[in-house]
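Participant: Need coordinates for the below:
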Amino acid sequence: VGDFAKIMPPLSTTPYLVFVSLRFLTIISVLCFSLLLWFLLRQGRFDHLRRFLIRLGCLVSIVGLYIYVAQIVGLPELPRTRVGTSGLAVEEVKFTYAFHRVLGTFREPSHLAEWLILPMFLAFSEGKKRIFSQILMSVTMLMTGSMTGICSSGIGFVAALILFNPLKGKQ
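Facilitator: Numbers count the residues shown, from 1 in each chain. This next block holds a predicted model:
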């Protein structure tokens, strides 16, 4: 009890200390990214940040749609699997139901949908000049089949309509 390094699987990809350190590194990277965002916003770089996130969302959508088509048609796919914690199993994506979902480089379709929410809303905030980005990310979101992402987007659009009422003149 308490010696977790001994209960790590013998074929695990990293030693216990590295395994735990990577978890802390994730937390530290989120904090550093938050500080970077704060700095950029304080410097008045919101427009640059918004354009970057919209382009990144489009790129992720295009890659996701390519992988979707590649699975169906038999084109070469980008690598999306990883070795499990045990070091033995490689987690492969297999769909056991009729609806084939877009998942891109993410391990779950819902993760792609959740990730696309912010860039998609940023594209909608720019109006008709980002119509291609809006359609691309909306189609990708719907094709993930993620109820979490789709419902979250719907709730966000309803909240935006209530708060900002785009039908009432220039807002």
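
Participant: Let me know the pLDDT of residue 114.
Facilitator: We note a pLDDT of 90 for residue 114 in this prediction.

Participant: Same check on the one 3 residues further on?
Facilitator: Confidence at residue 117, expressed as pLDDT, is 93.

Participant: tally of neighbours for residue 72?
Facilitator: A count of nearby residues for residue 72, using other CB atoms under 10 Å, gives 9. Just so you know, the C-beta spots here come from the backbone N, C-alpha and C atoms, and that holds for glycine as well.

Participant: could you say what helices and strands the helix or strand it falls within packs with?
Facilitator: In the assignment (DSSP states H and E), residue 72 maps to helix 46-73. For helix 46-73, the packing partners by 3 or more CB pairs under 8 Å, 6 or more residues apart in numbering; DSSP states H and E come out as helix 16-42, helix 109-125, helix 131-144.

Participant: and the gap between residue 57 and residue 165?
Facilitator: Taking CB to CB, to the nearest Å as the measure, residue 57 falls 25 Å from residue 165.

Participant: Would you mind measuring from residue 136 to residue 40?
Facilitator: For residue 136, the distance to residue 40 equals 25 Å [CB to CB].

Participant: Of the two, give the one with the bigger neighbour count.
Facilitator: Counted by other CB under 10 Å, residue 136 and residue 40 do not tie: residue 136 has more neighbours, with 22 against 14.

Participant: My read is that that one contacts residue 60, right?
Facilitator: No - Residue 136 lies out of contact with residue 60 (CB atoms under 8 Å); the separation is 9.9 Å.

Participant: where does this protein dip in pLDDT?
Facilitator: The model of the chain has pLDDT under 70 over residues 1-2, 79-97, 166-167, 169-171.

Participant: Any idea which residue is closest to the centre of the protein?
Facilitator: In the chain, the residue lying closest to the centroid (CA atoms, centre = their mean) is residue 115, at 2.9 Å.

Participant: OK, contacts around that one?
Facilitator: By CB atoms under 8 Å, 6 or more residues apart in numbering, the contact list for residue 115 reads 60, 106.

Participant: Please repeat the previous calculation with a cut-off of 7 Å.
Facilitator: residue 60 (CB atoms under 7 Å, 6 or more residues apart in numbering).

Participant: Residue 72 too?
Facilitator: Taking CB under 7 Å, 6+ apart as the contact definition, residue 72 lies against residue 100.

Participant: That one and residue 112, how far apart?
Facilitator: Distance, residue 72 to residue 112, using CB to CB: 17 Å.

Participant: Same check on residue 69?
Facilitator: 15 Å.

Participant: Now do the contacts for residue 99.
Facilitator: Residues in contact with residue 99 (CB under 7 Å, 6+ apart) are residue 145.
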